[in-house]
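Engineer: next one to model:
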Amino acid sequence: MRLSVRTLALPAAALAAALSLTACQSSSDPDAAPAPTSASPRQTTAATPATPATPATPTTTAPDPAPTTAPATTPATKPPKKTTAPTPADNGGNGGNGDDPAPALTPCTAKDVKVVASKVSRPINHLALTVTNVGDRPCDAVGAPLVGFDQSQAPIRIVEESKPQAVVTLTPGESAYASLILTGEPGGDTHGMTVRTVKVNLTTDSMVTVPAPTGTYVDDGAAVSYWQRELADALQY
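Structural biologist: Here you go, the predicted structure:
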């Protein structure tokens, strides 16, 4: 029984000695590789890539608002021009050339005037038409009278070159004159005839019929002038 114990104790002592020798050799050998150290690996933090700089956004300057046009100032309304009494110089339709509109006319009518057809010594083959204001207010001898004879329908020709610079305005008692040319140039078929009456249209709706002087002979060349203030001015046509 004791022999068994020793036999087992000897190998155990030999194993211990061997381990001790190995440890001494390891510590005294400089070339021996160091025992690996079980160090924890260094924790490497991955480099975070730099965030690219955001490009500066160009500042957009808002355009100035379109200038607001101030509403045009409405000019003050001018008061209407005063209408003056008609005068010969103001009649734009008969020689007046001003910028103002011609004043309203008061044409002479059959109830305002007396008309006479009379002979004259010169020029030959002429009659004088006289219109006299027998009313109590002024009236205007407008334009030229429209003249016919007896039963004729169409008026005779008007001598346009006799148009005056202004309408003749007649106050009560005043007269105006027109030249009545009885015949045209001699010769040709002029359809002449002797007439007894003269029809004088003062306006389109006011006609006066007067006796013609005895032996009044007219033809297709008959014509009449515009009303004139003086008889001599009328008889020059």
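Engineer: next SSE downstream of the lowest-mean-pLDDT helix or strand in the chain?
Structural biologist: Ranked by mean pLDDT, DSSP states H and E, the helix or strand of the chain with the weakest confidence is helix 2-28, at a mean of 44. Following helix 2-28 in sequence order, the next helix or strand is strand 113-119 (DSSP states H and E).
Engineer: burial check on Leu180, number of neighbours?
Structural biologist: Counted with other CB atoms under 10 Å, the neighbours of Leu180 add up to 27. Placement of C-beta: from N, CA and C, glycine included.
Engineer: again but with Thr214, I slipped
Structural biologist: Other residues within reach of Thr214 by the criterion other CB under 10 Å amount to 8.
Engineer: then the one 4 residues further on?
Structural biologist: Val218 has 26 neighbours, counted by other CB under 10 Å.
Engineer: now do the contacts for the nearest residue to it once chain neighbours are set aside.
Structural biologist: In space, not counting the residues next to it along the chain, Val218 is nearest to Leu182; the distance is 4.8 Å by CB to CB, 6 or more residues apart in numbering. Shown in contact with Leu182 (CB atoms under 8 Å, 6 or more residues apart in numbering): Asn125, His126, Leu127, Thr216, Tyr217, Val218, Asp219, Ala222.
Engineer: cutoff 10 Å now
Structural biologist: Contacts were defined as CB atoms under 10 Å, 6 or more residues apart in numbering; by that measure Leu182 touches 124-127, 149, 156, 192, 195, 212, 216-219, 221-223.
Engineer: test my guess that Lys114 contacts Thr132.
Structural biologist: Yes: between Lys114 and Thr132 there is a contact under CB atoms under 10 Å: 5.0 Å.
Engineer: can you pull the pLDDT of Pro123?
Structural biologist: Among the per-residue scores, Pro123 holds a pLDDT of 92.
Engineer: what is the burial count for the nearest residue to it once chain neighbours are set aside?
Structural biologist: In space, and not counting its chain neighbours, Pro123 is closest to Leu235: 6.6 Å by CB to CB, 6+ apart. Leu235 has 21 neighbouring residues, counting by other CB under 10 Å.
Engineer: separation between Leu235 and Asn201?
Structural biologist: For Leu235, the distance to Asn201 equals 21 Å [CB to CB, to the nearest Å].
Engineer: could you do Tyr217 as well?
Structural biologist: For Tyr217, the distance to Asn201 (CB to CB) stands at 22 Å.
Engineer: out of those two, which sits in the more crowded spot?
Structural biologist: Each of Tyr217 and Asn201 had its neighbours counted (other CB under 10 Å), and the higher figure belongs to Asn201 (17 against 13).
Engineer: that one bridge partners, please.
Structural biologist: Here Asn201 shows beta-bridge partners Leu146, Met207, assigned using DSSP bridges.
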